[in-house]
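Enquirer: when you get a sec, could you give me coordinates for this:
(2 chains, ligands or ions: 2)
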Amino acid sequence: MALREFNLDLDGKDETVAAVSQLDHLKMLEAESMFILREAAAEFARPVMLYSIGKDSSVMLRLAQKAFYPGKIPFPLLHIDTSYKFPEMIEFRDWYAKHVGVQLIVHKNQKALDDGANPYSLGTQKCCGFLKTRSLLDGLAEGGFDAAFGGARRDEEKSRAKERVYSFRDSLGQWDPKNQRPELWSLYNSRHHKGESIRVFPLSNWTELDVWLYIDAEKIPIVPLYFAKEREAIVRGEQILLLQAGVRALPGEKTEMVKCRMRSLGCAPCTGGIRSDADTVPKIINEMISFRRSERENRAIDHDEEGSMEIKKREGYF
Amino acid sequence: MSNATPESTDAPSASSTPFDSVGAAGSLTHALGLLRFSTAGSVDDGKSTLIGRLLYDSKSVFEDQLASVQKSKINRSSGPIDFSLLTDGLRAEREQGITIDVAYRYFSTPRRKFIIADTPGHEQYTRNMATGASTAEAAVVLMDATKGVLRQSRRHAYIAHLLGVQHIVAAVNKMDLVGFSQDVFDRISAEFREFADHLGIHNVYAVPVSALEGDNVVRRSKRMPWFEGPPLLEHLESIPASVGSASGPLRFPVQYVIRPDASFRGFAGQLVSGTLHPGSSVVAMPSGVRTKVQSIVAFEDEPDSALPGDSITITLEDEIDLSRGDMLVGEANPPSSGTEFQAVLVWMHSEPLDRHKIYVLKHTTRTVRARINQIRYRVDINTLEHVPATKLDLNEIAAVDVKTTLPLFVDPYHLNRITGSFIVIDPLTNATVAAGIIERSMERRQGPRETAAQRKHSTREERILRFGHPAAAIWLKGRPRVAELVERRLFDEGWQVQLAGPNDFLSHELVTVAKAFRLSGYITVFCPLDDGTDQKQVVRMIFGPDSFFAVRITDDTDEEAVDRIMKVLRKWRDNYSLEPENGKS
Ligand SMILES: Nc1nc2c(ncn2[C@@H]2O[C@H](COP(=O)(O)OP(=O)(O)OP(=O)(O)O)[C@@H](O)[C@H]2O)c(=O)[nH]1
Ligand SMILES: [Mg+2]
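Expert: Ligands and ions are numbered 1, 2, ... in the order given. Model (predicted):
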C-alpha cells in the first residue's frame, strides 16, 4: 500500500498537517468509475463520451480504456467545439484520440458561429447557450445518443454536488434538480423513453486532488497548458488571459510575459490562468494542496449570477 | 459534424508530459481509510449547518466559495455565516431554506478521507435520504435540543439501520439555545438510545453540539465541560473502516462481456466478495457449470489476484455459456437461487404499490420482471410495530413477498449489501419506485437447476406474472352489451382479455375455444346465444369453478352490471394464489 504525505501550511500558522492519500483510495475510485462505464455501455443503446480535452476528460478516457481492455472503447468521443478553445487543446485532442484509437466526433454550432456568436457581444451566458448548450443538445440529437458520459465531479461546484451518477434529462435535455430519481447502492436505472437521455458521470466521487494523483500515478498525458510556462498574456485585474483563440485586448491593454498555467480549461476568452511555477504533475499536486480557492473560480461562466451553473445545467449545459 | 479517425500515433512534442515522482522522500503514514457517512434527522435540526461547519472548521472550504456564501442575500442563521448554504446548492433549497436532495461533499483530515452525504430532513424527500444512507457506513442523526426526539428522527434512524449503516451517532444540536444544559442532553440522548436499543443498535455515540457556533464539532467545547467524549470529527475519525469481505463467499456478477476478436472472451465486472486468481474454481449461475479462472486481464499488467471491490476482467478455462446478469460463485456457500423471496421495501413514489403490476426489478447486473404480490406487514415507524396492510404508499416501509420471472442469485442483505439489494422500476414511467432489501430466499428444494436451454416455453406462472392474473371465464348469456362493456373496461385497465361472441365460433367449437383461451391465460368473456343448450357446465369445468363467473340476469342497468362484475373480478384477482394448478386439464 503506497501512501503519500504532503506538508500543508494551513492558515499560515505553521501547523504541519499530513494530508494522506492512499493509493487504495484511488483504486477504489477507479474501480467504481469502471463499473459505471461498463454498466452504461451495457445498458444504453447508443452511448457517447463527451470529451472536453481537460484533465478530467483525460482521466475518464483512461478509465474507459481500462474498463474495456483488451477490447476497444465501445463508444465514440464527442467534442463540442466552440471555436474559442486554445489551439493547444485542439492539437492535443486530435493527437490523443488517434493515440488511444477511439472515434472522435467534433460538433460545432456552425450557424451561430456564422452569425458571429462571441462572448464579447453576446455576454458569457448567451454565448455559452449557443456554442455549448445548444450545440451539445444538437450534437447528441444528431448522433442519436441516449447516454452521454461526462467528466463532471461533485466537488467542482455546489449544484454539481447534488447530481446523481445517472442524471436524467427530459426530451429537451433539461435537468430537474427537484425531482431526481432515487439512486441507491450502485443500482443505476438506465430506463428512459425515446427522446429522453441520461448523462452519466463516472467521476462523480473524485476530487480535484484525486484527479491529479491519478494523472501522476498513471502517467496520463494532459494538455501542456496545465503546466506553468512563460506565456504572453494580458493581466486584467485578477485575471490572466492568454492572447489566443479570439481573445481581444481592450484599448490600452498591453501584453506581457507571465509565468502561468491553467487550472481548468475552457474557452480562451472566458478562462483565466493562474500565476504558478508548477511545471510538473507533482509540483501541481503540491501547489494544489495549498490552494485556498476553487478551480472554477477562473471560469467567468460560473459567476455571472448566483446559481448560474445550476440554471445552465437545467437548460442542458454539461 | 466531422469525424476524425486516428492514423498515426506520433505525439506533438508539446504534448509530452513532464513527470517525476511526488513526495519521493515522504514517509509512510497510516491512514484509517475512507469513511462514507450521511446525515439524518428532522427538518431544520441543523444537518446542513453542521456539515458546513465541519467543512469550515476543518479548512475544507475554498475562499471564493466562502465569500459567495458571505455575500449571499440569504442568511437564516443567527450568526455571521449561514453554513447551510455551503451544502444547500440548489436555488430552490436556498429560497425555501430546506434541503431537497442529497449533497455529496468530500474532505480529508490528516487521519482519513470522508465522503459526506448531507440528506434532507423533510418527509417528502425521504427517498433522497435513503439514497444517501444506502452507501454510508455511519450516520449522524441530528436532534434539535429544543425539540428532542421527533418522529422523523426515529424514521431516519430506522431507515439508516435498515439500510445497513453500521455506526449511528446521535448529535444533539443547538445546545446554544438550551444554555448548554447537561440535563437536556442527557434526557434526549437517553430517549434516543432507548429507541435505538429497540432497533438493535447498541453502539450509539451521543454528542452535544452547536453546529452554528462550532461547539464539539471539530473542537472540544469549553462551554460544555461536563461532556467528556471526543468532538464529532474526532469520533468519526476513529470509526473502524469497513473491511472488504475477502474471506467471504465468491460473488462475481458478470457485467460486460469483452470480445475484441474470436480468440478472446473476457468477463468484466466488479468483484463483490471473495477473491479470484488464476486457477480459482468457479460455478456459473444459473447454468451450474463448473470451470476455472484462466487469467485476470488488465490494462498494462496481469494481476495475480483480485479482491472485493476490484473492477476486473477474467478469462475462463472452458468455453461456457455466460453473459451479463449471470454470476460466478464458489462451490462453497453459493447464494440462494430462486424466483421467490421475502424482502423489505421502502416505497419511494407517490403512486402506491400495485400488487398486480409487473414491475422491472434490478438486482446486481441482472434485470428481471417481478410482482410484489403479497404485503406481509407494514412497519409503523413510531412504534416499530408490524401492522397488517393492503397498501403501500410513498415513504412507507413494508415486508413483502416478491416473485420474479427469472431466478435471482441472492444473499440476505445483512450478509451482503450488494447481492442483498434491489430496486424496483415502473415499466411505464421508468421511475425508480422502491428500494428492496432481501431478507431471505424462498428457494424450493427441487431437482437440478433449470438452464436457459432446458426451459422450453413460457409457463403458466410466467404468464400470470406478465398479465397480473390467471385465466378466467365470464359467462354472460343474453347480455351482449354488458359483455362488450366488460371486455372494453378490462382491456383498458390492462387485463389480458378476449371477447368470445356468439358469431365468433360455431357452437360445437366451444370446448376447443375455451381450452385454448384458458391455456393462453385470457379472461374470456363468453356471450352465448340463448338457444336453450346449456354449455355453461362444460366451460365451468375447463376453467375451474374458482375462475368461472356466471352472471345472473337481474334488472340492473348495463352499467350497474359492469360495475358489479368488475368488483367481483378484482376481488378474485386479489386473492388467487400463484401455486401451480393441480389436476386440471
Ligand atoms: N441557534 C442555533 N441554530 C442552529 C444551529 N444549527 C442550525 N441552526 C439553524 O437551524 C436552521 C436550520 O438549519 P439547517 O442546517 O438548514 O437544517 P437541516 O437539518 O439541514 O434542514 P433540512 O436539510 O431542510 O432537513 C437554520 O436557521 C440554522 O441557522 C445551532 O447549533 N444553533
Ligand atoms: Mg439540510
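Enquirer: from here on, contacts and neighbour counts on C-alpha atoms
Expert: Fine.
Enquirer: any idea which helix is longest in chain A?
Expert: helix A:23-43 (DSSP state H).
Enquirer: what helices or strands is that one leaning on?
Expert: For helix A:23-43, the packing partners by 3 or more C-alpha pairs under 8 Å, 6 or more residues apart in numbering or on different chains; DSSP states H and E come out as helix A:55-68, strand B:256-258, strand B:266-270, strand B:311-316.
Enquirer: of all the ones you listed, which one is nearest B:R371?
Expert: Closest to B:R371 of the helices and strands packed on helix A:23-43 is strand B:256-258 (C-alpha to C-alpha; 26.8 Å).
Enquirer: so what strands line up beside that closest one?
Expert: Its sheet considered, strand B:256-258 pairs with strand B:266-270 (antiparallel) by DSSP bridges.
Enquirer: can you tell me what sits against the partner strand?
Expert: For strand B:266-270, contacts defined as C-alpha atoms under 8 Å, 6 or more residues apart in numbering or on different chains pick out A:31, A:35, A:38, A:67, B:252-259, B:308-316, B:323.
Enquirer: which residues in the stretch 101-250 of chain B form helices?
Expert: With DSSP state H, counting those that start in this stretch as the criterion, the stretch 101-250 of chain B has helices at B:126-133, B:151-162, B:182-199, B:232-238.
Enquirer: ok, now the stretch 201-318 of chain A?
Expert: Applying DSSP H, counting those that start in this stretch to the stretch 201-318 of chain A gives helices spanning A:208-218, A:281-289, A:308-315.
Enquirer: can you mark which positions in the second one are buried?
Expert: For helix A:281-289, the neighbour count (16 or more other C-alpha atoms under 10 Å in any protein chain shown) marks A:V281, A:P282, A:K283, A:I284, A:I285, A:N286, A:M288, A:I289 as buried.
Enquirer: check the first one and give its pLDDT.
Expert: For A:V281, the pLDDT comes out at 95.
Enquirer: from B:F299, how far off is it?
Expert: For A:V281, the distance to B:F299 equals 22 Å [C-alpha to C-alpha, to the nearest Å].
Enquirer: the fifth one now?
Expert: Computed as C-alpha to C-alpha, the A:I285 to B:F299 distance reads 25 Å.
Enquirer: what strand or helix carries A:Y96?
Expert: When elements are assigned from DSSP states H and E, A:Y96 belongs to helix A:87-100.
Enquirer: neighbours around residue 106, how many?
Expert: No chain specified, so I'll use chain A. 15 (other C-alpha atoms under 10 Å in any protein chain shown).
Enquirer: think we crossed wires, I meant chain B
Expert: Neighbours of B:Y106 under the rule other C-alpha under 10 Å: 18.
Enquirer: for it, which non-adjacent residue is closest in space?
Expert: Spatial nearest neighbour of B:Y106, chain neighbours left out: B:I115 (4.8 Å); criterion: C-alpha to C-alpha, 6 or more residues apart in numbering or on different chains.
Enquirer: how many residues are close by that neighbour?
Expert: B:I115: 18 neighbours (other C-alpha under 10 Å).
Enquirer: next one: A:K111
Expert: Neighbours around A:K111, by other C-alpha under 10 Å: 12.
Enquirer: for the spatially closest residue to B:V283 that is not a sequence neighbour, list the residues it contacts.
Expert: Spatial nearest neighbour of B:V283, excluding adjacent residues (C-alpha to C-alpha, 6+ apart): B:R290 at 4.5 Å. Contacts for B:R290 (C-alpha under 8 Å, 6+ apart) come out as B:S281, B:V282, B:V283, B:A284.
Enquirer: and the pLDDT for B:R290?
Expert: Looking at B:R290, its pLDDT reads 95.
Enquirer: and B:R154, how far from chain A?
Expert: B:R154 is 21 Å from chain A, where distance means C-alpha to the nearest C-alpha, to the nearest Å.
Enquirer: B:L66 is nearest to which of the helices and strands packed on helix A:23-43?
Expert: Between those, helix A:55-68 lies closest to B:L66; by C-alpha to C-alpha that is 24.5 Å.
Enquirer: helix or strand: which one has the closest residue to chain A within the stretch 451-585 of chain B?
Expert: At 18.8 Å from chain A, B:R466 is the closest residue in the stretch 451-585 of chain B, using C-alpha to the nearest C-alpha. Assigned by DSSP H and E, B:R466 belongs to helix B:460-467.
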